[in-house]
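> with the sequence up front, the predicted model follows.
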Amino acid sequence: MDVLWLIPLLLVPLLMWSSGTFVFYFKKCFYVGWMMVLALLAIPLCMLKSGGRDVENMRIIRVLVRHVKYFLGLRFDVSGWEHLQTEGPYVIISNHQSSLDVLGLMEILPDRCTMIAKKELVYAGTVGLICWLGGIVFINRKKTSDAKSVMAEAAQTMLDQQIRLWVFPEGTRNQKEDLLPFKKGAFHLAVQAQVPIIPVVFSSYRNFYLRKEKRFNSGTVRLRILPKIETKGMTSDDISSLCDKSFDLMQAAFRERLRLQTHEQRAVEGAEHSPRSRLLFPPTSPSETCLPRPPVPLPAPPPLLSPRFPIAWPCHEISSCLVDAWSGRPLARPVSAVCPDPHCACSSSSTCTTTSSTSTSSSAALQAVSGMTDGRIDACCSSCMTEGSGHHQFLLCFLPF
Ligand SMILES: CCCCC/C=C\C/C=C\CCCCCCCC(=O)SCCNC(=O)CCNC(=O)[C@H](O)C(C)(C)COP(=O)(O)OP(=O)(O)OC[C@H]1O[C@@H](n2cnc3c(N)ncnc32)[C@H](O)[C@@H]1OP(=O)(O)O
Ligand SMILES: CCCCCCCC/C=C\CCCCCCCC(=O)OC[C@@H](O)COP(=O)(O)O
């Protein structure tokens, strides 16, 4: 009888190890439960600090939320920090995939910034109360006229109290391969207040979080802060074009990252599905983490690596994914290593600034190095390598033999 309590203690790790669905529900319940508890802790702290509803309470919320990612096995890679170094009020817009977005939001949340949220959130127990204390502006999505007047008031408050507002212009959660068409509220807000818009793009969660398939693995979210879009001098006539421009920029950044993620996933799956690799590496769910290094020496770097770029070879984790574990023969040939800047998203359109040099990255670099075009790239993997005291991020592009 005394040992009965051991059963759940053993059962939970066993289920965690054997069932992805169990992991999904376990992590989700933990997330909601823990956020509720954190909110309960935060409520008295906020009351003591500000005596009530105040955007300054977001500082407390931000500090309390930032460790939650570790429990869930999530990492956030942020690029474009410099675009947030903007004085005064502005509107941040970002895509919205899940309530997990709150974790990314808290990674980069600037001071005096709060959000626009659906009014139902205020009834979410302690979380609802903490949202209210944090100055979140609640709107009734079902009644556009009400939402519009609340947002018009918010535009004035932004200016009077020097507040920044974060809006999810899709207006609802979306895990599709494309962003949903944007609602116009965020753009009216920015134009009415004559403040800039700063777009932020969350990379797709689909390589670690799939709501329908009940999958919740570990993974990395890339947050890309894009340059601000000025609205000075704009009027309500410019709303549609401003909305379209913002959408196009964010959609392009989202798709570009998704394309890289797909390449990475294929590279990992390719290594897993090689018959010999499977002997040594049991299949795992696709994620951005690679397989262990095989017990074979890595081949020498091919001569076509450009000396202009930091040589990523040997980048064991990624390389080993692409080495046949049985023969040691490389399955693919790395042709380029790009960008030592950990904040760089390494996209074809971005420029990668390092302390020592400036280089265009990804496909442009590839072409410069090897004359190859994007279409011939077999896979792109990003990985990290510690060099001296610095933690460097690389994008390795591979060509099939
Ligand atoms: C310590 C522990 C803590 C634990 C807890 C942890 C964290 C808590 C803290 C923080 C967490 C916060 C997380 C918040 C997440 C919240 C996420 C959400 O709730 S998303 C859903 C809600 N958000 C939105 O909907 C915002 C986007 N929506 C809009 O902006 C909409 O435009 C709208 C205002 C709601 C209206 O919607 P509608 O469907 O009618 O869409 P349209 O955009 O097509 O508009 C119709 C029409 O109206 C014109 N319009 C729109 N807005 C305005 C305006 N402000 N002024 C004037 N006119 C406006 C628009 O142009 C259209 O007209 P037309 O077609 O002629 O152009
Ligand atoms: C009554 C609804 C309230 C639901 C929230 C339940 C409690 C969640 C508890 C812990 C999570 C902490 C972060 C909460 C903030 C996330 C809010 C959110 O993501 O809401 C979804 C909303 O953007 C869009 O809603 P729909 O996709 O239209 O549906």
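Happy to help now that I have it. Ligands and ions are numbered 1, 2, ... in the order given.

> tally of neighbours for E120?
Neighbours of E120 under the rule other Cβ atoms under 10 Å: 11. In this view, the C-beta of every residue, glycine as well, is placed from N, C-alpha and C.

> and if you look at G125?
12.

> cool, R62 as well?
18.

> the helix or strand hosting it near ligand 2 at all?
Using DSSP states H and E, R62 falls within helix 57-65. No: remark: helix 57-65 sits outside contact range of ligand 2, by Cβ under 6 Å from any ligand atom, the gap being at least 8.4 Å.

> list the buried ones in that helix?
57-62, 64-65 (16 or more other Cβ atoms under 10 Å).

> stretch 29-48 now?
Buried-residue list, stretch 29-48, by 16+ other Cβ under 10 Å: 31, 35, 38-39, 42-43, 45-46.

> which of these are close to ligand 2?
Within the buried residues of stretch 29-48, those near ligand 2 by Cβ under 6 Å from any ligand atom are M35.

> in a markdown table, list the buried residues of stretch 29-48 along with distance to ligand 1, secondary structure and pLDDT.
Output for the buried residues of stretch 29-48, formatted as a markdown table (distance: Cβ to the nearest ligand atom, whole Å; DSSP: H, G, I helix; E, B strand; the rest coil; pLDDT from 0 to 100):
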| residue | distance to ligand 1 | secondary structure | pLDDT |
| --- | --- | --- | --- |
| Y31 | 10 | helix | 97 |
| M35 | 4 | helix | 98 |
| L38 | 4 | helix | 98 |
| A39 | 4 | helix | 98 |
| A42 | 4 | helix | 97 |
| I43 | 9 | helix | 98 |
| L45 | 8 | helix | 97 |
| C46 | 9 | helix | 97 |
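
> related to what we said a few turns ago, redo the buried residues of helix 57-65 as TSV? Include distance to ligand 1.
Compiled in TSV, the buried residues of helix 57-65 are given as follows (distance: Cβ to the nearest ligand atom, whole Å):
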residue	distance to ligand 1
N57	9
M58	8
R59	11
I60	7
I61	4
R62	8
L64	4
V65	5
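
> strands of the stretch 101-250 of the chain, residue ranges please.
With DSSP state E, counting those that start in this stretch as the criterion, the stretch 101-250 of the chain has strands at 113-118, 137-139, 164-167, 197-202, 209-210, 215-216, 219-225.

> looking at those, which is closest to E177?
Nearest to E177, of all the strands of the stretch 101-250 of the chain, is strand 209-210, at 12.6 Å by Cβ to Cβ.

> what does that closest one contact?
Strand 209-210 is contacted from outside by 97-98, 100, 175, 215-217, 219, using Cβ atoms under 8 Å, 6 or more residues apart in numbering.

> which one of these is nearest ligand 2?
S98 (6.7 Å; Cβ to the nearest ligand atom).

> the closest one: neighbouring residues, count only.
S98: 17 neighbours (other Cβ under 10 Å).

> residues contacting it?
Applying Cβ under 8 Å, 6+ apart, the residues near S98 are 173, 175, 205, 209, 211.

> how about those, which pair is most distant?
R173 and Y209 (11.6 Å).

> look at the two and report which has more neighbours.
Neighbour tally, R173 and Y209, criterion other Cβ under 10 Å: the higher count belongs to Y209, 22 against 15.

> gap between that one and V55?
30 Å (Cβ to Cβ, to the nearest Å).

> then P181?
Counting by Cβ to Cβ, the gap from P181 to V55 is 29 Å.

> the residue of the stretch 201-350 of the chain found nearest ligand 1 - how many residues pack around it?
Using Cβ to the nearest ligand atom, the closest approach of the stretch 201-350 of the chain to ligand 1 is made by I239 at 5.8 Å. Neighbours of I239 under the rule other Cβ under 10 Å: 19.

> what's the answer for E87, then?
Neighbours of E87 (other Cβ under 10 Å): 6.

> coming back round to it: who's more crowded, P181 and V55?
Remark: of P181 and V55, V55 carries more neighbours, 21 against 12, as counted by other Cβ under 10 Å.

> so stretch 11-28, near ligand 2 or not?
No: applying Cβ under 6 Å from any ligand atom, one finds stretch 11-28 separated from ligand 2 by no less than 9.6 Å.

> in that stretch, what counts as buried?
22-24, 27-28.

> per-residue confidence averaged over it?
Per-region confidence: stretch 11-28 scores 87 on mean pLDDT.

> dump that stretch to PDB, restricted to CA.
Listed next in PDB are the C-alpha coordinates belonging to stretch 11-28 (Å, rounded to 0.1, in the frame of the first residue of the first chain):
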ATOM      1  CA  LEU A  11       4.200   6.500 -14.700                       C
ATOM      2  CA  VAL A  12       4.700  10.200 -15.600                       C
ATOM      3  CA  PRO A  13       8.400   9.800 -16.800                       C
ATOM      4  CA  LEU A  14       7.400   6.600 -18.600                       C
ATOM      5  CA  LEU A  15       4.600   8.300 -20.400                       C
ATOM      6  CA  MET A  16       6.700  11.300 -21.100                       C
ATOM      7  CA  TRP A  17       9.300   9.000 -22.700                       C
ATOM      8  CA  SER A  18       6.900   6.900 -24.700                       C
ATOM      9  CA  SER A  19       4.000   9.200 -25.700                       C
ATOM     10  CA  GLY A  20       4.200  12.400 -27.700                       C
ATOM     11  CA  THR A  21       0.600  13.100 -27.000                       C
ATOM     12  CA  PHE A  22       1.100  12.800 -23.300                       C
ATOM     13  CA  VAL A  23       4.000  15.200 -23.500                       C
ATOM     14  CA  PHE A  24       1.800  17.600 -25.400                       C
ATOM     15  CA  TYR A  25      -0.900  17.700 -22.800                       C
ATOM     16  CA  PHE A  26       1.500  17.600 -19.900                       C
ATOM     17  CA  LYS A  27       3.400  20.700 -21.300                       C
ATOM     18  CA  LYS A  28       0.200  22.500 -22.100                       C
END
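
> thanks a lot, catch you later.
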